[in-house]
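K.L.:
pasting the sequence and the predicted model now:
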Amino acid sequence: PRIPIEMWVEETTASERYFRRAGNLSRGGLGLDHTIPLPLGTVVNLTFTLPGDSGPVQISGEIVSTAGPDELRMGVKFIEVSPEARARIDAYLARLGVSV
């Protein structure tokens, strides 16, 4: 399940760096709102700090969905998830009562 969230996400590719706002989070990915979408299949590196957490999560993702031209957002599926990143995301979701 996706849960609503408000946090900033640093997104980098081989040649670019952006700061985006996340609108939702799940164990497998997140949604980025109010952003000009990247092409489907683009692999990005993400860095974010979950609300109430002390340090950043670093994770790779792939752009798997984009909205129409009137809705500036895109969906990112997590790939190459380290055990530490998985544990932090799972712990955050568990604190909110979401079963993982």
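P.N.:
Okay, I see it.

K.L.:
okay, CA-based contacts and neighbour counts for the rest of this
P.N.:
Fine.

K.L.:
so the residue nearest the centre of the chain, which of the three states?
P.N.:
Closest residue to the average C-alpha location of the chain: residue 30 at 3.7 Å, with CA atoms, centre = their mean. For residue 30, the assignment made with DSSP: H, G, I helix; E, B strand; the rest coil gives strand.

K.L.:
so it bridges to which residues?
P.N.:
residue 25, residue 76 (DSSP bridges).

K.L.:
thought it was touching residue 9?
P.N.:
No - look at residue 30 against residue 9 with CA atoms under 8 Å: they stay out of range, at 10.0 Å.

K.L.:
joint contacts of the two?
P.N.:
With contacts taken as CA atoms under 8 Å, 6 or more residues apart in numbering, residue 30 and residue 9 have residue 22 as neighbours in common.

K.L.:
from residue 42, how far out is the closest residue to residue 74 other than its chain neighbours?
P.N.:
In space, and not counting its chain neighbours, residue 74 is closest to residue 66: 4.2 Å by CA to CA, 6 or more residues apart in numbering. Per CA to CA, to the nearest Å, residue 66 is found 12 Å from residue 42.

K.L.:
looking at the two, which is more packed in?
P.N.:
Taking other CA atoms under 10 Å, residue 66 and residue 42 do not tie; residue 66 has more neighbours (20 against 12).

K.L.:
in the host helix or strand of residue 61, what's buried?
P.N.:
Using DSSP states H and E, residue 61 sits within strand 57-66. For strand 57-66, a neighbour-count test (16 or more other CA atoms under 10 Å) marks 57, 58, 59, 60, 61, 62, 63, 64, 65, 66 as buried.

K.L.:
touching, the first one and residue 48? I think so.
P.N.:
The reference is to residue 57. Yes - taking CA under 8 Å as the definition, residue 57 is a contact partner of residue 48 at 5.3 Å.
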